[in-house]
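Visitor: sequence first, then the predicted structure:
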Amino acid sequence: MAINRPAQRFVKNIAEPNTRMQWPKALCVAGAMGTLLMSPMVIAQEPSPTKPIPATQTLASADIIFEKLMDDHWAAHLARNPVFATSLGVRDNDNRLGSYTLASYDAMVATSKAYLVRLNAIDPETLSKKNKVNHALFKLELKQTITDAQYGSKYLITTNREGPHTQAAGLPDQLPFFTVNDYKSYISRLRDLPRYLGEAEETLAAGAREGWTQPCEPMKGLSAAIRYHVVDSADDSVFMRPFEKRPEAISTREWKSLNKEARDAVITAAIPAFRSYADFYDTSYAPKCRTDISATTYPDGEAFYASKIKSFTTTDKTADEIHSLGLMEVKRIRGEMDKIIRTVKFDGTFKEFQTFLRTDPRFYAQTPEELVQITSAISKRIDGELPKLFRRMPRMPYTVKPVPADIAEGTTTAYYERPAGDGSRAGVYRINTSLLDQRPIFELEALTLHEAVPGHHFQIALSQELDLPGFRAYAYQTAFVEGWGLYAESLGLDVGFYQDPYQNFGRLSYEMWRACRLVVDTGMHAKGWTRKRAIEYMLTNTALSEHNVVAEIDRYITWPGQALAYKMGELKIQDLRKRARKALGDDFDLRRFHDAVLENGAVPLSVLDQYIEAFIAEEKDRLNIQ
């Protein structure tokens, strides 16, 4: 769907460079937390942009020049990210993975600078309305890429839960498997794993030399996650999963040959590559990990953390301002939680109620299958309520699957994987079925509304179907995407969810969790908090299990700033909803408001604000409201 808001109302007001067009989750096996801190996966030879072409005075020719620039940039992006390109049906580099060399990263930054020169040669006033918006957002994306290169983010290619090894292990879920060529290209990529993980080792080693390693404590479980894939037999490897069932289009003879090739690739390339990567991590990287958890102790660390706050929240707020906002939100939500405790007539303190929720068997599934079944039932129930919230819905379906076993115990309670852009793979809502006594079912309604619909699947799948340039259709603006996910949890109140007071407490606990993030992320990275203090703060104020709290705190330590995006984005959307309802009164249509929020894809919060101002003005015109 084309942009239909009057561009001149807001394009001139877009701030620079306070946002980052982050690349898609399809680039890695990422979940609710969004994309990694890592640089994009890039091929060794960076495509060179053409020389700058000045825009002419005519609207049509200026648009042609600008759209050619966007096309060139998107083609270069797909060339750098061959696995993602395959998911879109672009099969030019099907036989290889990306690259983690520092040279390829530097080439990507240099290319971004060259694209910015070309972009600056185009006067946005000579462009059409929709391209005025594209021009402004494209400029922000390029400038943020250049800004990020000032710091050491290129060295932080792994967190405590994700990295090159999880991206590699995710190949069976990220690629299409229909034809002989699909399987042959997959086998070629398995044989490419030694180069791919070897480059990651070199980049991590360079980071260690420059003082850019992750803190020790949060990374303790990473070695086991890597070695999960160091198996004795190809039959035990996740990489043989695509060969569990033969597609009808492939003959039995061809299938037997492909199986033999795959087994050889797993034994001679994939497993040795993981073994080498694990050995490198244990002997070279882990011994050089940092004892201090604060991002401000990196070289030029205060500026680095400030840049992450700006990038992830798309605001100009400081760490102190966000910390204070978090404290206020924690106090407000605690009051709502206390009301529910009184409603269920619990006789005890807040701490005792937390203990009750964390230990009573009634709140926990007994088997992984039961947890998936309950989650699936909630997903189906909310599907039927969507017409009450939206007029336009995505065409692509989603499914519910368990989190892969190799990462389950160290990762979050659930996450979402976007559908393939070529329509070959549905979206996936991953639910963690490990450690069942740490996964309370009273949180499942809020969790499902966030990760599936009307949260991540709804927003991301719809964005891919909009008539937008590729860099916008597949962008991952964390404040918008995760802000929408958190806002989506509250939409259950609009359609009859949270009737059970414990489920409603679960909703508030999840909102409290995101409010606490504002406090503990800034606390650890800007105000001298210890890991222990942050864990105790989360345990005191949420109903999350201790295991989940520890996993979350370790995530914030290794991924500074990202956790701030959720609450900041949700508060903005809630504010815009109140603003629109006040302006339109009884004529306010929630469905039209939601369509307006989502119809332009993921954008910075300042841009969203201006879109909704334009929406309010248009609604007043349509409804003849003075």
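Guide: It's in.
Visitor: how about low-confidence regions in the stretch 401-550 of the chain?
Guide: For the stretch 401-550 of the chain, no stretch is flagged by pLDDT under 70.
Visitor: which residue ranges of it form strands?
Guide: Using DSSP state E, counting those that start in this stretch, the strands of the stretch 401-550 of the chain run over 414-417, 427-431.
Visitor: chain center to the longest one, what's the gap?
Guide: Centroid displacement of strand 427-431 relative to its chain, using CA atoms, centre = their mean, to the nearest Å, is 13 Å.
Visitor: in its sheet, what does that strand sit against?
Guide: strand 398-402 (parallel), strand 414-417 (antiparallel) (DSSP bridges).
Visitor: out of those, which one sits most buried?
Guide: The highest mean neighbour count among those, using mean count of other CB atoms under 10 Å, belongs to strand 414-417: a mean of 24. Where C-beta positions appear, they are placed from N, C-alpha and C, glycine not excepted.
Visitor: now that one - C-alpha only, PDB.
Guide: What follows is strand 414-417 as a C-alpha-only set of coordinates in PDB (Å, rounded to 0.1, in the frame of the first residue of the first chain):
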ATOM      1  CA  ALA A 414       9.500 -16.900  23.400                       C
ATOM      2  CA  TYR A 415      10.300 -15.000  20.200                       C
ATOM      3  CA  TYR A 416       9.100 -14.500  16.600                       C
ATOM      4  CA  GLU A 417      10.700 -15.300  13.200                       C
END
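Visitor: tell me if I'm right that S188 and R96 touch.
Guide: Yes: applying CB atoms under 8 Å as the test, S188 and R96 come out as touching, 6.9 Å apart.
Visitor: touching the worst-scoring helix or strand of the chain on mean pLDDT from outside, list them.
Guide: Within the chain, judged by mean pLDDT, DSSP states H and E, the helix or strand with the poorest mean is helix 405-408; its value is a mean of 86. If you take CB atoms under 8 Å, 6 or more residues apart in numbering as the criterion, helix 405-408 is touched by 29, 161-162, 166, 169, 225, 228-229, 238, 402, 432-435.
Visitor: chain center to it: distance?
Guide: Its chain's C-alpha centre lies 18 Å from the corresponding centre of helix 405-408 when counted by CA atoms, centre = their mean.
Visitor: over to stretch 598-617?
Guide: Per CA atoms, centre = their mean, the displacement of stretch 598-617 from the mean C-alpha position of its chain is 20 Å.
Visitor: one more: stretch 532-539?
Guide: A distance of 25 Å separates the C-alpha centroid of stretch 532-539 from that of its chain, computed with CA atoms, centre = their mean.
Visitor: ok, residues contacting it?
Guide: By CB under 8 Å, 6+ apart, the surrounding residues in contact with stretch 532-539 are 354, 513, 516, 519-520, 523-524, 544, 546, 549-550, 552-553, 556.
Visitor: could you do stretch 226-240 as well?
Guide: Taking CB under 8 Å, 6+ apart as the criterion, the residues outside stretch 226-240 that touch it are 165, 169, 171-172, 190, 262-263, 265-267, 270-271, 274-275, 277-278, 281, 404-406.
Visitor: sorry, back to before: any chance of the strands paired with strand 427-431 in CSV with distance to Y537 as columns?
Guide: Rendered in CSV, the data for the strands paired with strand 427-431 read as follows (distance: least, CB to CB, whole Å):
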stretch, distance to Y537
strand 398-402, 30
strand 414-417, 23
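Visitor: if we can go back for a sec, now the strands of the stretch 401-550 of the chain as CSV including distance to D92?
Guide: Written out in CSV, the entries for those read as follows (distance: least, CB to CB, whole Å):
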stretch, distance to D92
strand 414-417, 23
strand 427-431, 25
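Visitor: relative to F390, which of those strands is closest?
Guide: Closest to F390 of the strands of the stretch 401-550 of the chain, according to CB to CB: strand 427-431, at 16.3 Å.
Visitor: where does pLDDT dip in the protein?
Guide: Counting by pLDDT under 70, the low-confidence segments of the chain come to 1-59.
Visitor: tell me the contacts of P272?
Guide: For P272, the contacting residues are P194, taking CB under 8 Å, 6+ apart as the criterion.
Visitor: where's it, which helix or strand?
Guide: For P272, the host element (DSSP states H and E) is helix 271-280.
Visitor: the next helix-or-strand element following that helix: how far from the chain's middle?
Guide: Next helix or strand after helix 271-280 toward the C-terminus (DSSP H and E): helix 301-313. For helix 301-313, the gap between its own C-alpha mean and the chain's C-alpha mean amounts to 17 Å (CA atoms, centre = their mean).
Visitor: after helix 301-313 comes which helix or strand?
Guide: Stepping forward along the backbone from helix 301-313, the first helix or strand reached (DSSP H and E) is helix 319-343.
Visitor: which elements pack onto that following helix?
Guide: Under the contact criterion of 3 or more CB pairs under 8 Å, 6 or more residues apart in numbering; DSSP states H and E, helix 319-343 touches helix 301-313, helix 350-359, helix 501-526, helix 565-584.
Visitor: between these, which gets nearest to A475?
Guide: Between A475 and those, the shortest gap by CB to CB is with helix 301-313, which sits at 12.8 Å.
Visitor: what does the closest one contact?
Guide: In contact with helix 301-313 (CB under 8 Å, 6+ apart) are residues 18-20, 22, 144, 147-148, 150-153, 294-296, 298, 315-319, 322, 478-479, 525-526, 560-562, 564-565, 568-569, 605.
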